[in-house]
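Peer 1: Provided below for reference: sequence and predicted model.
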Amino acid sequence: MMMGMPVSLFWGYIAIALFMIGDGLELNFLSKYIVTLGFAEKKVSLIFAAYGLTAAISSWLSGVLAETFGAKKIMMVGAITWIVFHAAFMLFGVIPHNYYMMLLFYGLRGFAYPLFFYAFFYWVVKETPDSQLASAVGWIWSMFTIGFGILGNLLPIYSVRYFGEINTLWQSIGWATAGGAIAFFLLKAPVIEKKNHQIHSFEHKFKGIIQDLSLVFYNRDLAIALITRAICNFSLFGILAVVMPIFYTSEHGGHFTDEQWKIISLSIYPIQPFTNVLWGIIGDRIGWLKQMRWAGFIGCGTATILLYFIPVWFPGNIWASICGILFFALTITAFVPMGAIFPMLTPEHKGAAVSIQNLGGGLSNFGGPALVSLILFTGLGHFSVFIIFGFLYYCAAIMTYFIRLKQPGVDKPF
């Protein structure tokens, strides 16, 4: 271990960063760009909701698939699938301005990234001592943030300006391919793992997958943790990705230009590689649930509501909005220990526990945009979106009191 990172998996962390650049390259302009093609905001949010739904399904399967067939194989399936469906999204959806093809292929692309990312997530959980698990998971989210957040947002600022949205979206394939290549050539699966995956038939493996995935229906703590896991990234995928690019550049919002919005959205990410690791280390010491309850859910709920009021109170003030989004970044990274909690709730079924945790992440992908769509379709405006999301975070904080957990190294149940 090197500062909580499993050294043997170093190249996997690098692969995650590169792959997630490709997956995040569109984050701060795609929703606004599709609107400029002539489609209503509520229809655009449905595209992101479809993506989130397939990501949720794939996330649920990824952990047990990695446990059953090997993490490296599942990562490769994810990389190839991502490249194929992104190309189809561009060729049949974006370029000809075909809404239904965008909905179809962007939705199908949602199956891909969880297979790559969460298979590696399982691999890290399997190779890391329990007492250092939050720290190792913190490193995963730091690499995710460097790729999906920092570089995925920084590169389009220049790329869109000089090459346009279409060429910027095509660049994603190069980054995803680079991440997949590093994982394929430089990550070595343990010899024992390779042998184990040759023992049982596919039918036996499939039965094991179904049995493991059903754990959430019999374990109360897992079920509550799943709900809180879904809520923790609602604002990231619903508000930051769908609502804010439109609201912050509107006359009713921040009055910012597209370039100013990109700078604001980028500012969320530079501190996250550090806060992800820091919150992982802190959580290992003070308690995972305690940290997530107060710094995570209470903090992020407050930050979400402030993201609406700051540009209203200080229209056109880029520094005020940057301060608001930095507070959001600090609080949302406090959820890092979530990835350590699930395996501890059912240590004899770590693959299934990681899959359920991953399902929660996928439900964030789906639930955030879907809830935005529901709120907008009912005629409520942006104000209601931010308030409702903030309220959900406060509800999740209360729910953490009902999760029974004994954390390694912190000798008391929560």
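Peer 2: Happy to help now that I have it.

Peer 1: For the rest of this, base every contact and every neighbour count on C-alpha atoms.
Peer 2: Will do.

Peer 1: Looks like G107 contacts L46 (just checking).
Peer 2: No. The pair G107 / L46 is not scored as a contact, 9.7 Å apart, by C-alpha atoms under 8 Å.

Peer 1: quick one: which of the two has more around it?
Peer 2: Higher neighbour count among G107 and L46: G107, with 24 against 21, using other C-alpha atoms under 10 Å.

Peer 1: Need phi/psi at the more buried one.
Peer 2: Here is the backbone geometry of G107 (degrees, to the nearest 10): phi -60, psi -50.

Peer 1: Which strands and helices lie in contact with the helix or strand hosting G78?
Peer 2: Using DSSP states H and E, G78 sits in helix 71-88. Judged by 3 or more C-alpha pairs under 8 Å, 6 or more residues apart in numbering; DSSP states H and E, the packing partners of helix 71-88 are helix 41-69, helix 99-109, helix 112-127, helix 152-186.

Peer 1: tell me the mean pLDDT for the first one?
Peer 2: Helix 41-69 shows an average pLDDT of 85 in the prediction.

Peer 1: still on that earlier bit, out of the helices and strands packed on helix 71-88, flag the one nearest P369.
Peer 2: Closest approach to P369 among those (C-alpha to C-alpha): helix 41-69, 4.9 Å.

Peer 1: ok, and for whichever strand or helix holds G362, which residues are buried?
Peer 2: Element membership for G362 (DSSP H and E) is helix 350-377. Of the residues in helix 350-377, 350-373, 375-376 count as buried by neighbour count, 16 or more other C-alpha atoms under 10 Å.

Peer 1: related to what we said a few turns ago, mind giving me TSV with the helices and strands packed on helix 71-88 and columns for distance to G254?
Peer 2: Shown next, in TSV, are these (distance: least, C-alpha to C-alpha, whole Å):
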stretch	distance to G254
helix 41-69	17
helix 99-109	28
helix 112-127	32
helix 152-186	19
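
Peer 1: if we can go back for a sec, what lies in contact with the helix holding G78?
Peer 2: Identification of contacts with helix 71-88 by C-alpha atoms under 8 Å, 6 or more residues apart in numbering yields 62, 65-66, 105-106, 108-117, 119-120, 122-123, 170, 173, 176-177, 180, 183-184, 187, 189.

Peer 1: Check stretch 289-299 too.
Peer 2: Contacting residues not belonging to stretch 289-299 are listed as 232, 283, 328, 331-335, 337-338, 393-394, 396-398, 400, 414 [C-alpha under 8 Å, 6+ apart].
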